[in-house]
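Trainee: Give me the fold of what follows.
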Amino acid sequence: MQIYLPIAEVSVNAFLLLGLGGIVGILSGMFGVGGGFLMTPLLFFIGIPPAVAVATEANQIVASSFSGVLAHFRRRSVDLKMGCVLLVGGLIGAALGVWIFNYLKSLGQVDLLVKLCYVAFLGIIGSLMFVESLNALRKSRRGAPPKRKKHNWIHGLPFKMRFRTSGLYISVIPPVLVGVCVGILAAIMGVGGGFIMVPAMIYLLGMPTKVVVGTSLFQIIFVTGFTTLLHATTNFTVDVVLAVLLLVGGVIGAQIGTVIGTKLKAEQLRILLAGMVLLVCGKLALDLLIMPSELFSIGTGGH
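Mentor: Residues are numbered from 1 along each chain as shown. You can find the predicted model right below:
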């Protein structure tokens with residue numbers, strides 16, 4: 001069933017969009033990622049212009065994350081205090097990111113920037129997560145006791161706050177900075193930023209894995225909602241028809257993903273997420289390197 005998307009100015013299959021929304025929703029519930037890192041490139045692949053894909057995908061992430069976070073609230077695996085600190089940074093970063101996005105759009109360089117950002121971030125983060133997860137999996141199979149987290153430079157920073165749900169007493173500076181980075185990425189790449197947020201919360205802030213997913217989703221809802229609002233009011237690239245179809249699939253998928261996520265070990269979840277990140281990175285890198293099928297040249301037209 002083909003439908004016309006007015007803002008994107010293309011016709012696509014409605015069931016294909018519902019299916020994509022569902023798959024990304026499942027990932028959102030399982031891993032605590034908004035799923036945008038996967039959905040936005042998928043929208044590129046089916047012919048949606050990058051500027052529209054980025055702005056509209058932020059909208060879909062809000063719904064799938066909201067659906068996922070409700071399931072985590074029921075399990076009491078959301079650190080609200082940490083979520084609010086991350087959110088402060090996230091909103092600042094989102095405003096900054098939309099300004100950068102609009103500036104590059106005026107220069108005509110936004111499509112290339114979005115794709116290059118994806119390849120760089122997904123490649124680095126996917127590789128680091130994959131190596132770490134493999135090591136953690138080997139240790140758990142050998143039955144080695146988990147190492148106690150050593151105190152690092154983060155524990156020496158000022159403005160400390162106690163986060164009871166996560167069992168932490170750390171400075172608010174690192175969570176705010178993580179939030180700013182994620183906010184910028186949300187605006188430029190159309191992602192919830194969970195693929196950056198989740199590893200940063202585990203390895204940088206030292207949060208327990210069981211509260212990371214729910215807390216990440218809580219922060220993603222507000223940052224991506226704010227990003228969508230800014231994109232809609234400043235560059236008018238939010239396609240409502242596309243957003244609604246992705247929303248429906250995403251909400252259903254997130255509930256399924258949360259159930260699957262609780263059945264797997266933390267190490268297995270991390271290695272699956274790392275594999276998926278590397279897969280999408282590889283496909284995008286190939287698309288940038290391979291010569292396009294249609295080459296355009298600019299010449300003077302004769303009359």
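Trainee: quick one, strands of the stretch 51-200 of the chain?
Mentor: For the stretch 51-200 of the chain, strands defined by DSSP state E, counting those that start in this stretch occupy the ranges 160-163, 168-171.
Trainee: Most tightly packed of those?
Mentor: Neighbour counts (mean count of other C-beta atoms under 10 Å) averaged over each of the strands of the stretch 51-200 of the chain peak at strand 168-171, with a mean of 17. (Each C-beta comes from the backbone N, C-alpha and C, glycine too.)
Trainee: Quick check: neighbours of that strand in the sheet, parallel or antiparallel?
Mentor: strand 160-163 (antiparallel) (DSSP bridges).
Trainee: Convert the strand it pairs with to PDB, retaining C-alpha atoms only.
Mentor: C-alpha atoms of strand 160-163 as PDB (Å, rounded to 0.1, in the frame of the first residue of the first chain):
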ATOM      1  CA  LYS A 160      29.000  15.800  44.100                       C
ATOM      2  CA  MET A 161      25.500  14.400  44.400                       C
ATOM      3  CA  ARG A 162      24.200  11.200  45.800                       C
ATOM      4  CA  PHE A 163      22.200   9.000  43.300                       C
END
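Trainee: Give me the contacts around it.
Mentor: Residues from elsewhere that reach strand 160-163 (C-beta atoms under 8 Å, 6 or more residues apart in numbering): Asp79, Lys81, Met82, Val85, Leu168, Tyr169, Ile170, Ser171, Val172.
Trainee: for stretch 122-139, same thing?
Mentor: Residues outside stretch 122-139 that contact it (C-beta under 8 Å, 6+ apart) are 37, 146, 195-196, 199, 203, 266-268, 270-271, 273-275, 277-278, 280-281, 284-285.
Trainee: Roughly how far does the residue nearest to Gly97 when sequence neighbours are not counted sit from Thr56?
Mentor: Once flanking residues are discounted, Gly97 sits nearest to Ala187: 2.6 Å by C-beta to C-beta, 6 or more residues apart in numbering. Using C-beta to C-beta, to the nearest Å, we find Ala187 at a distance of 13 Å from Thr56.
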